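Chemist: predicted model, plus sequence, below.
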Amino acid sequence: MTNSWWEVQILCDPALEDSIFWRLEDFSSRGTASEGKGDLCLVKAYLPRLPGATLDLELLSSQLHEDALCVGLPIPTLSCQLINEEDWATSWKQYWQPEKIGDRFLINPAWLPLSAASDRLVILLDPGVAFGTGNHATTQLCLESLENVDFQGKIGQVIADIGCGSGILGIGALLLGAKTVYAVDTDPLAVQSTVSNRDLNRISPESLIPEEGSVDIVTQGLQEPVDGIVCNILADVIIQLLPQMNQIIKPSSWGIFSGILVEQSATVAESLEKNGWIVDNLLTKKEWCCLNVRRSQS
């Protein structure tokens, strides 16, 4: 088999790990892993080698350089090599172990046996080529926020997951007691991953409904407005989509919005308030934040 994937290795200060993961998403990373190297962190990423295209390492290196300078940390070092398809498929998975998130969730990689008996809600996950392993701060913030939604007090809730990635947030909401999740992503590979993880967790196709697209696709599938929205994407995309989201919600709906850097929180909060949302609280983890919001009539 010919070499078909780039393995990028980035040695960095641990405080830069999450921002590096986020940068790698812009380069179509199809898997990331990290491990400790003394006082440093080694991030590995796997990017497809496309016919006729080259990996712009100079651009990535420049971005990492700027990110480190902005927070006064040492400049990461970067290297890359070509690897075979089968090497990519297994290399990053060896570093990923079961992880407890919040008070109720346990993320268990699908290729590992379940850990000892636990009273936590287990999400079996194989993200494949989609973003969302539970390792990233924004995913963790969203899952922790979902724990605070009153699914038991208000049964039968219908949710929209905008930018579903691996489907982890929709699966988490269903385990907590949601009735139906409409999950959309503009990346067809993410939709495939969500379907796969739905099946891994033995969730019915009627409960978790993945489709390729964005808010307009949710609108087409809905029979009534949603009770809640989870959206873990990027700040500017959230702001852009807010008017469309307002078309699919109830006067009593709630929202969880992440993928937002802490310094972007004020801008996103202002846009939410202009669109009729009230910000109840803001959760932070490292340089990322999550806004928990509700409609004014809830």
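Modeler: That came through, no problem. If you're wondering where the values come from, they're calculated on a predicted model, not measured in any experiment.

Chemist: drop to CA atoms for contacts and neighbour counts, all remaining ones
Modeler: OK.

Chemist: next SSE downstream of the helix or strand bottoming out on mean pLDDT in the chain?
Modeler: For the chain, using mean pLDDT, DSSP states H and E, the weakest element among its helices and strands is helix 85-91, scoring a mean of 61. Toward the C-terminus, helix 85-91 is succeeded by strand 99-101 as the next helix or strand (DSSP states H and E).

Chemist: number of nearby residues for residue 184?
Modeler: Residues within reach of residue 184, counting by other C-alpha atoms under 10 Å, total 27.

Chemist: the one 10 residues further on too?
Modeler: Residue 194 sits with 31 neighbouring residues when counted by other C-alpha under 10 Å.

Chemist: residue 110 contacts residue 124, doesn't it?
Modeler: Yes: the criterion here is C-alpha atoms under 8 Å, and residue 110 meets it with residue 124 at 5.2 Å.

Chemist: and for the two, which residues touch both?
Modeler: Here residue 110 and residue 124 have residue 200 as joint contacts, going by C-alpha atoms under 8 Å, 6 or more residues apart in numbering.

Chemist: any idea which helix or strand carries residue 230?
Modeler: Assessed by DSSP H and E, residue 230 sits inside strand 226-232.

Chemist: quick one: low-confidence ranges for the chain?
Modeler: Residues of the chain meeting the criterion pLDDT under 70: 1-3, 30-31, 50-54, 85-95, 115-117, 127-134, 297-298.

Chemist: mind listing the helices for it?
Modeler: Remark: helices assigned in the chain by DSSP state H are 17-25, 57-70, 85-91, 137-146, 168-176, 188-200, 215-221, 235-245, 265-274.

Chemist: redo these as JSON lines? Include distance to residue 100.
Modeler: Converted to JSON lines, the helices of the chain look like this (distance: least, C-alpha to C-alpha, whole Å):
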{"stretch": "helix 17-25", "distance to residue 100": "18"}
{"stretch": "helix 57-70", "distance to residue 100": "29"}
{"stretch": "helix 85-91", "distance to residue 100": "23"}
{"stretch": "helix 137-146", "distance to residue 100": "10"}
{"stretch": "helix 168-176", "distance to residue 100": "13"}
{"stretch": "helix 188-200", "distance to residue 100": "18"}
{"stretch": "helix 215-221", "distance to residue 100": "31"}
{"stretch": "helix 235-245", "distance to residue 100": "27"}
{"stretch": "helix 265-274", "distance to residue 100": "26"}
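
Chemist: looking at those, spot the one closest to residue 42.
Modeler: Nearest of the helices of the chain to residue 42, taken as C-alpha to C-alpha: helix 17-25 at 8.6 Å.

Chemist: other residues contacting that closest one?
Modeler: With C-alpha under 8 Å, 6+ apart, helix 17-25 has contacts from 32, 41, 43, 45, 60, 63, 64, 67, 131, 136, 137.

Chemist: now these: which count as buried?
Modeler: Neighbour counting with 16 or more other C-alpha atoms under 10 Å marks 32, 41, 43, 45, 60, 64, 67, 131, 136, 137 as buried within the contacts of helix 17-25.

Chemist: for the second one, which residues count as its bridge partners?
Modeler: To tie it back to what came earlier, the one meant is residue 41. For residue 41, the beta-bridge partners under DSSP bridges are residue 12, residue 36.

Chemist: in contact with it, which residues?
Modeler: Residue 41 sits next to 11, 12, 13, 14, 17, 34, 35 when contact means C-alpha under 8 Å, 6+ apart.

Chemist: longest strand anywhere in the chain?
Modeler: Secondary structure of the chain per DSSP state E: the longest strand is strand 249-261.

Chemist: partner strands of it, parallel or antiparallel?
Modeler: Counting by DSSP bridges, strand 249-261 is paired with strand 226-232 (parallel), strand 288-295 (antiparallel).

Chemist: render the CA-only coordinates of the longest one in CSV, please.
Modeler: By that I understand strand 288-295. Output of strand 288-295 as CSV, limited to C-alpha atoms (Å, rounded to 0.1, in the frame of the first residue of the first chain):
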residue,chain,number,x,y,z
TRP,A,288,-12.4,27.7,26.1
CYS,A,289,-15.8,28.5,27.4
CYS,A,290,-19.4,27.3,27.1
LEU,A,291,-22.5,29.5,27.4
ASN,A,292,-25.6,28.1,28.9
VAL,A,293,-28.7,30.1,27.8
ARG,A,294,-32.5,30.1,27.8
ARG,A,295,-35.2,32.0,26.1
